[in-house]
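Participant: Next comes the sequence, and after it the predicted model I'd like to discuss.
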Amino acid sequence: MSDVAIVMGSDSDFTVMKEAALILKELGISFEVFVISAHRTPEEAFEFAKNAQHKGFKVIIAGAGKAAHLPGVIASLTNLPVIGVPIKSSTLDGLDALLSIVQMPPGVPVATMSIDGAKNAGLYAAKILSINDINIKEKLEIYREKIKKEVFEKNEKIRGEVEKL
């Protein structure tokens, strides 16, 4: 059993969605990845969403481009938290997907990340899971210290470059 399901509407979305997988892997959180289309395989989308909790998933990350119905369809069929990732995959630069995901009706919430924001989706899933898992909470604290250190290092590097001017 895995804690997180990463679902996308097309295999082409994996270039974005792999960032969620990478951060979950770094944090030691189990996940599975699926390609399920709300439009081309609606029966499978329905089946997945209705059974996700019974299969042991605790959070679902759903990425989609263009009309981006997948996160909302899944959220309408489960009580698990759904995190939507709008994917830049059309001539509208992902704005169409962002608006489709963020405009959910009352009663069917989807936490919506930025366009191509799969890494943050993975981190948000980890934060949700950390409520009941001290190990994930500690790993998130270590991760925050890591990125804080990276900023300090970048600051020193830039300050050194400026001194050379």
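Facilitator: Great, that's in hand.

Participant: Enumerate the strands of the protein by residue range, in sequence order.
Facilitator: Listed in chain order, the strands of the chain (DSSP state E) span 4-8, 31-35, 59-65, 82-87, 111-112.

Participant: Which residues belonging to the second one are considered buried?
Facilitator: What that stands for is strand 31-35. For strand 31-35, the neighbour count (16 or more other C-beta atoms under 10 Å) marks 31, 33, 35 as buried. For every residue, glycine as well, the C-beta is placed using N, CA and C.

Participant: I'd like the residues you listed as CSV, with distance to residue 46 and pLDDT appended.
Facilitator: Putting the buried residues of strand 31-35 into CSV (distance: C-beta to C-beta, whole Å; pLDDT from 0 to 100) gives the following:
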residue, distance to residue 46, pLDDT
31, 21, 98
33, 19, 98
35, 15, 98
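
Participant: still on that earlier bit, how about the strands of the chain in TSV, adding distance to residue 49?
Facilitator: TSV is the format used below for those (distance: least, C-beta to C-beta, whole Å):
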stretch	distance to residue 49
strand 4-8	9
strand 31-35	11
strand 59-65	8
strand 82-87	9
strand 111-112	16
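
Participant: Columns distance to residue 105 on top of the buried residues of strand 31-35, output as CSV?
Facilitator: Below are the buried residues of strand 31-35 laid out as CSV (distance: C-beta to C-beta, whole Å):
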residue, distance to residue 105
31, 28
33, 28
35, 26
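
Participant: wait, which of these is closest to residue 145?
Facilitator: Of all the buried residues of strand 31-35, residue 31 has the smallest distance to residue 145: 23.3 Å, by C-beta to C-beta.

Participant: Okay, and the beta partners of that closest one?
Facilitator: Residue 31 has the following beta-bridge partners by DSSP bridges: residue 4.

Participant: Kindly provide the distance from it to residue 21.
Facilitator: 6 Å (C-beta to C-beta, to the nearest Å).

Participant: Need the overlap of contacts for these two.
Facilitator: residue 6 (C-beta atoms under 8 Å, 6 or more residues apart in numbering).
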